[in-house]
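> what would the 3D arrangement of this be:
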Amino acid sequence: IAEAVGSGAAPACDIVQTPEPTGETVASGVLLFDEQDRVLLVDPTYKPGWEFPGGVVEPGEAPARAGMREVAEEIGLRLDEVPRLLVVDWERPAPPAFGGLRLLFDGGRLDSAAAGGLLLPGPELRDCRFVTEQEAARLLPPIRYERLRWALRARERGAAVYLEAGVPVGG
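So this is what the prediction gives:
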């Protein structure tokens, strides 16, 4: 689908909104980087604020594959390899939200041609931009920024990090 929309063979259509959750969810985000190591953030049309490319894992779907699917749907980029896990963060329930697990994966570095070929704007996104960690701190809600901050450290160290509400737990 992403290839057909990306090539113009199929027109973009309205997104199919996932039903509102009735319990905890698992969501997968994929961090993508440009040649200056800035991270891609997206501005979704279906909710306020900036976010990582990704979304809710469907029943029976592997989390990394969900992230890959969401990246293809949202920005038209097909990832050839399963991305490496960077962060698992347990988000506590805070009514009206139900919380759940939030995973961030390393989608790798995009060369300028791939970065220039992202599908925007589209039915799901108003905008996207590559930002530095400092710029992300101004755009993301605090819990998401902490998740990003720890994901960047995990990427540097080559080892995934477990968080609870954005705070590292365990060794």
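> excluding its backbone neighbours, what's nearest Phe105?
Nearest residue to Phe105 in three dimensions, chain neighbours excluded: Pro83, at 3.6 Å (C-beta to C-beta, 6 or more residues apart in numbering). Just so you know, the C-beta spots here come from the backbone N, C-alpha and C atoms, and that holds for glycine as well.
> what residues does that neighbour make contact with?
Listed by C-beta atoms under 8 Å, 6 or more residues apart in numbering, the contact set of Pro83 reads 30, 64, 67-68, 105-108.
> can you map out the strands along this structure?
Along the chain, counting by DSSP state E, strands occupy 25-33, 39-44, 54-56, 84-91, 100-109, 125-131, 161-164, 167-168.
> could I get the ones you listed as TSV with mean pLDDT?
TSV is the format used below for those (pLDDT from 0 to 100):
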stretch	mean pLDDT
strand 25-33	97
strand 39-44	94
strand 54-56	94
strand 84-91	97
strand 100-109	97
strand 125-131	90
strand 161-164	97
strand 167-168	94
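> got CSV for those strands, with mean neighbour count and distance to Leu139 too?
Supplementary listing: these in CSV, determined by neighbours: other C-beta atoms under 10 Å; distance: least, C-beta to C-beta, whole Å:
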stretch, mean neighbour count, distance to Leu139
strand 25-33, 23, 14
strand 39-44, 21, 6
strand 54-56, 21, 16
strand 84-91, 21, 18
strand 100-109, 21, 16
strand 125-131, 17, 7
strand 161-164, 17, 20
strand 167-168, 13, 21
